[in-house]
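# coordinates only, sequence not included:
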């Protein structure tokens with residue numbers, strides 16, 4: 001079978017772009033949840049709590065999609081010479097996702113978890129952008 005490096009790079013780049021878009025969507029959802037969390041801590045009441053949790057649910061959906069896109073990006077990178085074995089496994093970036101929504105005790109704990117998730121998403125965005133820059 002004929003190996004086409006340019007084709008493989010293009011496919012990897014496109015997969016990376018999809019992963020980056022999902023990560024950025026996750027970041028936006030987390031930013032929104034964070035804003036509502038701050039409002040809630042300042043006495044926003046029942047409605048702000050509902051909105052905050054709705055935003056957190058959206059963030060969780062975005063994070064799940066980003067995890068899938070990162071796995072697909074990693075598979076595409078395996079096809080590009082020089083990029084084999086780059087670890088984009090979900091455990092590398094997303095260990096926080098397992099506990100992100102577990103046992104929520106207070107607004108402060110929730111806010112801390114949102115902030116931790118935002119930091120992890122930012123790290124993933126930086127890493128994906130670096131790889132994409134090298135693929136160009």
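Received the coordinates, thanks. Quantities reported herein were computed from a predicted structural model and do not represent experimental measurements. Numbers count the residues shown, from 1 in each chain.
# going forward, measure contacts between C-alpha atoms and count neighbours the same way
Will do.
# what about the helices in this protein?
5-41, 46-78, 90-94, 107-135 (DSSP state H).
# which other helices and strands contact the second one?
What that stands for is helix 46-78. Helices and strands touching helix 46-78, by 3 or more Cα pairs under 8 Å, 6 or more residues apart in numbering; DSSP states H and E, are helix 5-41, helix 90-94.
# Serialize those to JSON lines and add fields for mean pLDDT, mean neighbour count and distance to residue 48.
Shown next, in JSON lines, are the helices and strands packed on helix 46-78 (pLDDT from 0 to 100; neighbours: other Cα atoms under 10 Å; distance: least, Cα to Cα, whole Å):
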{"stretch": "helix 5-41", "mean pLDDT": "89", "mean neighbour count": "20", "distance to residue 48": "6"}
{"stretch": "helix 90-94", "mean pLDDT": "50", "mean neighbour count": "15", "distance to residue 48": "27"}
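# Tell me which of those lies nearest to residue 75.
Residue 75 lies closest, by Cα to Cα, to one member of the helices and strands packed on helix 46-78: helix 5-41, at 8.2 Å.
# Grab the most central residue of the protein for me.
Closest residue to the average C-alpha location of the chain: residue 23 at 3.9 Å, with Cα atoms, centre = their mean.
# Now do the contacts for residue 59.
26, 27, 29, 30, 33 (Cα atoms under 8 Å, 6 or more residues apart in numbering).
# Could I get those residues in a markdown table, plus columns for distance to residue 72?
Output for these, formatted as a markdown table (distance: Cα to Cα, whole Å):
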| residue | distance to residue 72 |
| --- | --- |
| 26 | 17 |
| 27 | 19 |
| 29 | 22 |
| 30 | 23 |
| 33 | 27 |
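# ok, so of the residues you listed, who is nearest residue 12?
Minimum distance to residue 12 across the contacts of residue 59 is 20.9 Å, recorded for residue 26 (Cα to Cα).
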